[in-house]
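1. sequence unknown, structure follows:
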């Protein structure tokens, strides 16, 4: 590393904030982390990490001397001129982004020309323009503003930070702030997109909306495959070899989840509507995704008949492997629908059970996968954790009362499941 690295502030210590802080600390920056949650800050100061993300705990431990945790924004302001905003922007009941946490940061920013607010949080297109207008109204017009959206996938977020596909830096004026942000990321040697603030904001929303569209499309194809006898795995393989399309996000399943896709697709659809444009495609993307989660219930009813009184096991709860995030998880919809049908639901997840119970306290989460299998009439693979994909299905068959295995991620060895005497059904495959 040539020369000392610039210290930075990170406001918000959720998934994005902690990964961003740990990533920059790994690059050699002093990082001043701020969060209003006193309990979370105490946990971080004690050496614990309140979320699960692959490699995050080890990276924070390795760089502990460079990472400073506080509930006071003043600590970050005193030590860093670049203040990365990584607070949550969850959806409101109307479907747009709740910017209350962002607005609180804006209010607390100092009125000087020595600092820059660097927006990492995903915000609607036009937010940066509004914030800069507020700065001018509050006498903070000398504050710099930069949009630098995150493109981190939960479960591989640290790797995504250190090996990014691209770095987007949006600024409406040239100056020290966008140059300094570009310099921060320069050791990663990633393609750099320097653009205006509104375009940077739209890049993030458009990217997530496109990926969600790709998932809903292949799920629709999977549903047609089930009616025609085609195999969606073969279809996806053939389609994905087209360089204009590519193989990623062509895995059929029970729908996308997580906070980003669910929130950003709805936010972009509403943003378009508020701007006077009806984004019909995204309406269909959302509808397909919601229906896909419920198709599993229909599959179970087709095999088991009346679901009332049936014992259904859910294998996995988190919306994807290598994270404990339950936001937008398909398991929540599936568990709720099965319970509404009168089924008894038991679930196992190697990491996310504690988080799942915070969202759905009535869910019967068991400590071992064998407890889900025992006496189950059917089991559904919801999250393709390696230990669940590698289950010994001969042992599972002995524990289960029924024979139905629904592979909600097309991740299991169908031959192994069938050779154990069980009935296998995937998504869009024979």
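-> That came in fine, so what should we check first? Please read all numbers here as calculations on a predicted model, not as lab measurements.
2. Residue 345 against residue 335, yeah?
-> Yes - contact criterion Cβ atoms under 8 Å: residue 345 and residue 335 qualify, at 5.1 Å. From N, CA and C alone the C-beta is placed, and that goes for glycine too.
3. so what sits against both of those two?
-> Taking Cβ atoms under 8 Å, 6 or more residues apart in numbering as the criterion, residue 345 and residue 335 both touch 314, 363.
4. Between its first and last residues, how far does stretch 340-351 reach?
-> 26 Å (Cα to Cα, to the nearest Å).
5. How far off centre is it?
-> Distance of stretch 340-351 from the chain centroid (Cα atoms, centre = their mean, to the nearest Å) equals 22 Å.
6. List the buried residues for that stretch?
-> Buried residues in stretch 340-351, counted by 16 or more other Cβ atoms under 10 Å: 341, 343, 344, 345, 346, 347, 348, 349, 350, 351.
7. which residues does the first one contact?
-> Translated: residue 341. By Cβ under 8 Å, 6+ apart, the residues touching residue 341 are 297, 301, 307, 308.
8. Using PyMOL, define a selection of the buried residues within these.
-> Selecting only the buried entries of the contacts of residue 341 in PyMOL, with 16+ other Cβ under 10 Å as the criterion:
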select buried, resi 297+307
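9. from the contacts of residue 341, which single one is nearest residue 398?
-> residue 307 (23.7 Å; Cβ to Cβ).
10. Is it correct that that closest one is in contact with residue 300?
-> Yes - if you go by Cβ under 8 Å, residue 307 and residue 300 touch, sitting 6.3 Å apart.
11. Need the residues touching each of those two.
-> What both residue 307 and residue 300 touch, as defined by Cβ under 8 Å, 6+ apart, is the set residue 338.
12. Where in the chain is the helix or strand with the lowest mean pLDDT?
-> Taking mean pLDDT, DSSP states H and E as the measure, the chain has helix 259-274 as its least confident helix or strand, at a mean of 90.
13. which residues in the stretch 101-250 of the chain form strands?
-> Here the stretch 101-250 of the chain has its strands, by DSSP state E, counting those that start in this stretch, at 116-119, 144-147, 167-170, 192-195.
14. so which of these comes closest to residue 400?
-> With Cβ to Cβ as the measure, strand 167-170 is the member of these nearest residue 400 (48.8 Å).
15. ok, and what's touching that closest one?
-> 128, 146-149, 151, 178, 181-182, 185, 188, 190-201, 203-204.
16. if you set the cut-off to 6 Å instead, what comes out?
-> 147-149, 178, 181-182, 185, 190, 192-197, 200, 203 (Cβ atoms under 6 Å, 6 or more residues apart in numbering).
17. Equivalent analysis for stretch 24-31, please.
-> Outside stretch 24-31, the residues touching it (Cβ under 6 Å, 6+ apart) are 1, 5, 7, 8, 10, 21, 59, 63, 66, 67, 187.
18. Any stretches of this protein with poor pLDDT?
-> 1-3 (pLDDT under 70).
19. just the angle between the longest helix anywhere in it and helix 259-274, please?
-> Taking DSSP state H as the assignment, the helix of the chain that covers the most residues is helix 197-228. Using axes from the mean of the first three to the mean of the last three Cα atoms, to 10 degrees, the direction of helix 197-228 lies 110 degrees away from that of helix 259-274.
20. Which strands or helices does helix 197-228 pack on?
-> Packing partners of helix 197-228 (3 or more Cβ pairs under 6 Å, 6 or more residues apart in numbering; DSSP states H and E): strand 144-147, strand 167-170, helix 232-240, helix 259-274, helix 280-304.
21. ok, 10 Å please
-> Here helix 197-228 touches strand 116-119, helix 127-137, strand 144-147, strand 167-170, strand 192-195, helix 232-240, helix 259-274, helix 280-304, going by 3 or more Cβ pairs under 10 Å, 6 or more residues apart in numbering; DSSP states H and E.
22. Compare these and report which one is nearest to residue 321.
-> Across the helices and strands packed on helix 197-228, closest to residue 321 is helix 259-274 (Cβ to Cβ), at 16.0 Å.
23. from the middle of its chain, how far away would stretch 291-310 be?
-> On Cα atoms, centre = their mean, the centre of stretch 291-310 falls 27 Å from the chain's centre.
24. Ramachandran coordinates for the residue nearest the centre of the chain?
-> Compute the mean C-alpha point of the chain, and by Cα atoms, centre = their mean the closest residue is residue 258, 4.2 Å away. Dihedral pair for residue 258: phi 80, psi 170, per degrees, to the nearest 10.
25. shouldn't it be in contact with residue 321?
-> No - counting by Cβ atoms under 10 Å, residue 258 does not reach residue 321; the two are 11.9 Å apart.
26. Mind listing the shared neighbours of the two?
-> Contact with both residue 258 and residue 321 is made by residues 154, 155, according to Cβ atoms under 10 Å, 6 or more residues apart in numbering.
27. ok, and for stretch 118-126, which residues are buried?
-> Quick answer for stretch 118-126 (16+ other Cβ under 10 Å): 118, 119, 120, 121, 122, 123, 124, 125.
28. mind checking how far it is from the chain centre?
-> 16 Å.
29. which SSE is residue 416 in?
-> Using DSSP states H and E, residue 416 sits in helix 414-419.
30. Quick one: residues in contact with that helix.
-> Here helix 414-419 has contacts from 381, 390-394, 396-397, 403, 405, 407, 413, 422-426, 429-430, using Cβ under 10 Å, 6+ apart.
31. what distance separates it from the centre of its chain?
-> Taking mean C-alpha positions (Cα atoms, centre = their mean), helix 414-419 and its chain are 32 Å apart.
32. How about stretch 125-145?
-> That offset, for stretch 125-145, works out to 29 Å (Cα atoms, centre = their mean).
33. Equivalent analysis for stretch 350-368, please.
-> 19 Å.
34. Quick check: buried residues in that stretch?
-> Buried, per 16+ other Cβ under 10 Å, within stretch 350-368: 350, 351, 352, 353, 355, 356, 357, 360, 363, 364, 365, 366.
35. now those residues as CSV including secondary structure?
-> Formatted as CSV, the buried residues of stretch 350-368 follow (DSSP: H, G, I helix; E, B strand; the rest coil):
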residue, secondary structure
350, coil
351, coil
352, coil
353, helix
355, helix
356, helix
357, helix
360, coil
363, coil
364, strand
365, strand
366, coil
